[in-house]
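Asks: Here is a sequence together with a model predicted from it:
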Amino acid sequence: MADLTPPPTVHVFYRATGALGEREIREAVAQLSADERARYERFRFAPDRRDYAAAHALLRTALSRFVPVPPDAWRFREDPGGKPSLVADPRAPALSFSLSHTNGLVACAITSGGDVGVDVEGVDRRVDAGLARRFFSESENRALAACPTDAARTARFLELWTLKEAYLKAIGVGLLHPLNTVIFTVDAGGRVRFSAPPGVDAARWRFRLFMPRPSYRLAVALRLPPECGGEMACSIVDLSTP
């Protein structure tokens, strides 16, 4: 059997947005495409507009670290399931990316191989026990119930939720996917174990959890190409304004 090649490195970039001023927001909006600006304008609340613009500008800036293309020159398309990808550019390698934003923090993940997903959530999000019962497996709900404090329960809920969201983004589907079949266990050291849905090869998947800020949780999912094996390497870079 041929040796498997190591997995590609996943590069994660994030930016805190709570302190962004009007000038920085205008600079972010200036990098967006016409379609993105139209979506930006449709957000009703200023923090949502801010985070949308910052997230898409972050992705463009991050992509330009790998390819000599100006941030405002990148073009994207969406597949029928809504998963975005790059419009072919002769200067660009085959890059896979994912984007996420929540109130006050935006993030993207980029890799040169495999399918990647990223999700970020704030720990101030209200934990709904009904939501957990609906979308989590029996074993995940038992893990939540075993948490000794409300704070620990919230943190564990968000770890599981971001892992599920990152997985869905990597495969390019939404919340219509039965999430209680996408099962995760997180041990005391933050290591992730994945129980795959029927028909999914769990051996091709890698997951990581990060805490980019004390009040946020971030998850990365990577589906390896068949020829790859081994652990996933991640770099994580804070691009927040000093």
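Replies: Done, it's in.
Asks: in this protein, which spans are helices?
Replies: 22-30, 34-42, 46-63, 129-135, 138-145, 150-171 (DSSP state H).
Asks: And for the residue nearest in space to the middle of the chain, nearest residue in space, chain neighbours not counted?
Replies: Computing the C-alpha centroid of the chain and ranking residues by CA atoms, centre = their mean puts residue 118 first, at 1.3 Å. Closest residue to residue 118 apart from its sequence neighbours, by CB to CB, 6 or more residues apart in numbering: residue 109 at 3.9 Å. Any C-beta I mention is one placed from the backbone N, CA and C, and that applies to glycine too.
Asks: Next one: the one you found from residue 6, what distance?
Replies: Applying CB to CB, to the nearest Å, the value for residue 109 to residue 6 is 18 Å.
Asks: and those two? which has more neighbours close in?
Replies: residue 109 (31 against 13; other CB atoms under 10 Å).
Asks: Would you agree that one is in contact with residue 219?
Replies: No: applying CB atoms under 8 Å as the test, residue 109 and residue 219 come out as separate, 9.8 Å apart.
Asks: so what's in contact with those two at the same time?
Replies: Contact with both residue 109 and residue 219 is made by residues residue 118, according to CB atoms under 8 Å, 6 or more residues apart in numbering.
Asks: dump the residue contacts of residue 113.
Replies: Residue 113 touches 7, 8, 94, 96, 224, 225, 228, counting by CB under 8 Å, 6+ apart.
Asks: The first one: what's it in contact with?
Replies: Contact partners of residue 7, counting by CB under 8 Å, 6+ apart, are 113, 114, 206, 222, 224, 228, 229, 230, 231, 232, 233.
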